[in-house]
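# model this:
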Amino acid sequence: MGIRLPQVQLPTPVPKQVMRPTQEQIPDAVEDRLAIKRATEAYVVREKPVPPMPLEELRVHAEKLLGDAGIDAKYTEYAAVLVNNAMWRDHLAPVPFERRLLLMPKCLRAESTCPAPFDEFGLLCKSCGQCSLQDLQEEAERLGYAVLIAEGSAIVMSIIETGKIDAIVGVSCLSVLEKAFPYMESAAIPGVAIPLLQDDCIDTNVDLEWIWDVIHLTSDDRTYRMDLDALRREVDTWFAPAELDRLMGPAESESEKISRAWLAKDGKRWRPFLTICAYKALLDDPEAAVPDDLKKVAIAVECFHKASLVHDDIEDGDDTRYDEPTVHAEHGVPVALNVGDLLLGDGYRLIGEAQIDGSRVAEMMRIAAAGHRDLCIGQGNELTWQRNPDVLKSTQVLDIFRRKTAPAFEVALRLGAAYAGADEATHDVLRQYSEALGIAYQIRDDLWDWIGEHDDAHGTADSEAMRPTLLPAMAYERTTGDDRAILETVWKRTGPLNGELKRLHAIIAEKKIDEHAADLLTAYKEQAIRALRQLEHATLKGLLRRVMTKIFDDLEIKGWCKEHEAAHAGDTELTTKATK
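Numbers count the residues shown, from 1 in each chain. So this is what the prediction gives:
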């Protein structure tokens, strides 16, 4: 750590009006939190409030923006934190990393097994790997931050008074963050606050992606103010039938009409979005309009994806997708096979028509072909298993994910990077990032599938069809005796399933398999984040980090810390889950 922390007397806090956060003041749905975030950012751009600002004034702005947006005023305290963050964001960006302090709470540690001692400034992390503190501290210190793991009230002022800190990123529950606001206000230095996600002072958790976004914020990243939601909406417009005809040429044959209709069907369209993100991040002017030539490359990525869905639905025997008949259910298997092949041909055609240097076109063709091959091998492994199903280890399921899901993310990102002329080092990072991102994405889908949040963009739920999925594999590895025999019956399908699937769901609940899978999801997300450390391109690194936040926005909020509950025993207990 580049800053030597002095021995100083901690000041006595000045009493101020404080926020009294309760669970009802935090939105319990992802969409609601995003709505408040967007409303806050638009309000700050429009009204231009000037920091520093006392809590009372922050609350006034929060109430006004919520009223203007038609959002319940009970979210005022949460919105006030977001107002503060939005005001300071552009002030934080140009502050050198070595002039910033990252302040984290000790309750993020694995309290019962943590070997770290304390000194007068807080926890001295031993890098034991049991919690997220190690990765956060190592990454922040690698950038140049001073890092403290301690409560964030009075100690903030003691660090500010050294004159060596020009900005603070503070992580804590709202009840502690509120105590730090007066010090940050009086010092008039940029301060961004990130609330904890749980109510327990022991083994709590935080939105790691939010922390990553903030600690890496730099004015060198030319896209940090880019509206990614607006970019996704723009990408969606390219798949309107008239726009597809303009960019791809008119659909004349019946097969072309069926394939275009399928291409225009609903979907998240993450893959073409990723292509555009990678391209924009590598531009000198990320705000420049997307040329039609690149739109065609992005559409090619979706052609590959929609072709794989046509073929998957045939192979899996799924008759519905997007709550509508699949292509083979509506038109028959021979027509569907041909439509899938036509989409693949269109994808390669669109890439081949790119009006850029021939060597880059050839590189994009190689990237697409290699991804296509990997995906087919992964699907082939699954189909081979289905002929003679047997118990799969979790590592085997993850390898199927690596083959089936990760290549699509890699192709999407690397095509955008190749179009922009990225070097091989950048492509290496994108390979590693995409592999971890793809596996994490599939684990997230498995979790939704097994806990009843099945995404209707898919066909039949994997849990219903008993395709290779992670949670049953993890359950098998954690059971013995009769339960293991039941799981073998489910996996091998040696006879009719009379209650075995119901017992499997019970085992998943009893063994907390969903929690273990969620931990694994977090681990792969963190692996994707670690891959970005090798990137020297600040804009691409920052944009890819924020893309992860967009893709994985299903965070759980369980409440506030016990310390706060004890102080406000009359407050309502919190237990909400944000679902997608």
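
# distance of Asp341 from Ser253?
Distance, Asp341 to Ser253, using Cβ to Cβ, to the nearest Å: 13 Å. In short, each C-beta sits where N, CA and C put it, glycine included.

# before we move on, what about Lys64?
57 Å.

# swap in His516?
Applying Cβ to Cβ, the value for His516 to Ser253 is 50 Å.

# Repeat that for Asp213.
Applying Cβ to Cβ, the value for Asp213 to Ser253 is 47 Å.

# okay, these two: which has more neighbours?
Asp213 (18 against 9; other Cβ atoms under 10 Å).

# Correct me if wrong: that one contacts Arg546.
Yes: counting by Cβ atoms under 8 Å, Asp213 touches Arg546, with 5.9 Å between them.

# Glu363 - how many residues pack around it?
19.

# If I look at it, what pLDDT would I see?
In this prediction, Glu363 carries a pLDDT score of 97.

# mind checking which helix or strand it is in?
helix 358-387 (DSSP states H and E).

# Following element in sequence after that helix, please.
Following helix 358-387 in sequence order, the next helix or strand is helix 394-404 (DSSP H and E).

# what pLDDT, on average, does the helix or strand following that next one get?
Per DSSP H and E, helix 394-404 leads on to helix 406-419 as the next helix or strand towards the C-terminus. Mean pLDDT, helix 406-419: 95.

# what do you get for stretch 297-315?
95.

# what about dumping the CA coordinates of that stretch to CSV?
Output of stretch 297-315 as CSV, limited to C-alpha atoms (Å, rounded to 0.1, in the frame of the first residue of the first chain):
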residue,chain,number,x,y,z
VAL,A,297,-21.3,-8.5,-38.1
ALA,A,298,-23.4,-8.2,-35.0
ILE,A,299,-26.4,-9.7,-36.8
ALA,A,300,-24.2,-12.5,-38.0
VAL,A,301,-23.5,-13.3,-34.3
GLU,A,302,-27.2,-13.6,-33.7
CYS,A,303,-27.7,-15.7,-36.8
PHE,A,304,-25.2,-18.2,-35.3
HIS,A,305,-27.1,-18.2,-32.0
LYS,A,306,-30.6,-18.5,-33.5
ALA,A,307,-29.3,-21.4,-35.8
SER,A,308,-28.1,-23.2,-32.7
LEU,A,309,-31.5,-22.8,-31.1
VAL,A,310,-33.3,-24.3,-34.1
HIS,A,311,-31.0,-27.3,-34.1
ASP,A,312,-31.0,-27.7,-30.3
ASP,A,313,-34.8,-27.7,-30.2
ILE,A,314,-34.9,-30.5,-32.7
GLU,A,315,-32.3,-32.5,-30.9
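
# Where in this structure is the helix or strand with the lowest mean pLDDT?
strand 576-577 (a mean of 28; mean pLDDT, DSSP states H and E).

# Can you report how many residues neighbour Ala278?
Neighbours around Ala278, by other Cβ under 10 Å: 25.

# That one: what's it in contact with?
Ala412, Leu413, Arg414, Leu415, Gly416, Ala417, Ala420, Ala422, Leu430, Leu540, Leu543, Leu544 (Cβ atoms under 8 Å, 6 or more residues apart in numbering).

# so the fourth one sits right up against Ile299, yeah?
No: counting by Cβ under 8 Å, Leu415 stays clear of Ile299, with 11.2 Å between them.

# neighbour count winner among the two?
Between Leu415 and Ile299, counted using other Cβ under 10 Å, the more crowded position is Leu415 (30 against 24).

# Any stretches of this structure with poor pLDDT?
Applying pLDDT under 70 to the chain picks out residues 1-30, 108-132, 151-157, 174-184, 186, 197-206, 225, 452-466, 494-497, 553-580.
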